[in-house]
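Student: A structural model of the following input is requested.
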Amino acid sequence: MTTTVTRHLIPLLFCLALPGTAAAADYRVQQDQSRLGFSATFQGASFQGSFSQWHADIRFDPTHLGTSKFDVSVDTTSAATGDSDRDGALPGADFFNATKYPQAHYLTTGFMRLDGNRAIARGNLTLRGVSHPLNLTVTFTPQPGGGALMDVTGTLKRLDYGVGGGEYADTSVIGNDVTVNAHLVLAPK
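Tutor: You can find the predicted model right below:
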């Protein structure tokens, strides 16, 4: 009996002792303290916007990137820039086409360590039914009590997703580069 138990126990203990088998921590986003936004240009002037309705499942540890994961869904009707004309146009067919595509979705496929608490999140963004790879720079700052702050940024080409096509495709009026940015306050699950 001891030999049988030992035979089954030794492989289990070996697997537990392997480096890299530790799991990343799961976090709950504190929505009231966090922001998911974007910036772009209109007629050469920069403007900022944000989404008020979104959900993010975050699993992250900069020392165990193999088990880290982001899964983010964004309600495209919740975009706001502070300009009533622009805010009225964004959900329309020329931009987000929110009636047909009410959500944008970002899902990571992997991570690459940069330095210290910084990493690159590799993933795919689906917007208006079109998916393209999008890399995001992640800065992770642990906080007392097991929480963390996470700042994320990356740049996409809006026309790759058909955002602002047709008469709005002129990049001298609306810039093609859109910077996505987030400041997340995370609490342990």
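Student: Might you calculate how far stretch 54-72 sits from the centre of the chain?
Tutor: Taking Cα atoms, centre = their mean, to the nearest Å, one finds stretch 54-72 lying 9 Å from the centre of the chain it belongs to.
Student: Check which residues of it are buried.
Tutor: Neighbour counts over stretch 54-72 (16 or more other Cβ atoms under 10 Å) mark 54, 56, 58-62, 64-65, 68-70, 72 as buried. C-beta coordinates here come from the backbone N, C-alpha and C atoms, glycine included.
Student: Rebuild those as CSV, extending it with pLDDT and distance to residue 33.
Tutor: Below are the buried residues of stretch 54-72 laid out as CSV (pLDDT from 0 to 100; distance: Cβ to Cβ, whole Å):
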residue, pLDDT, distance to residue 33
54, 98, 14
56, 98, 13
58, 98, 14
59, 97, 20
60, 97, 17
61, 93, 21
62, 91, 21
64, 91, 25
65, 96, 25
68, 97, 22
69, 98, 22
70, 98, 18
72, 98, 17
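Student: Reformat the residues you listed as TSV; add secondary structure and distance to residue 135.
Tutor: As requested, the buried residues of stretch 54-72 are arranged in TSV below (DSSP: H, G, I helix; E, B strand; the rest coil; distance: Cβ to Cβ, whole Å):
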residue	secondary structure	distance to residue 135
54	strand	19
56	strand	17
58	strand	17
59	strand	18
60	strand	16
61	coil	19
62	coil	16
64	coil	20
65	helix	14
68	coil	14
69	strand	15
70	strand	12
72	strand	14
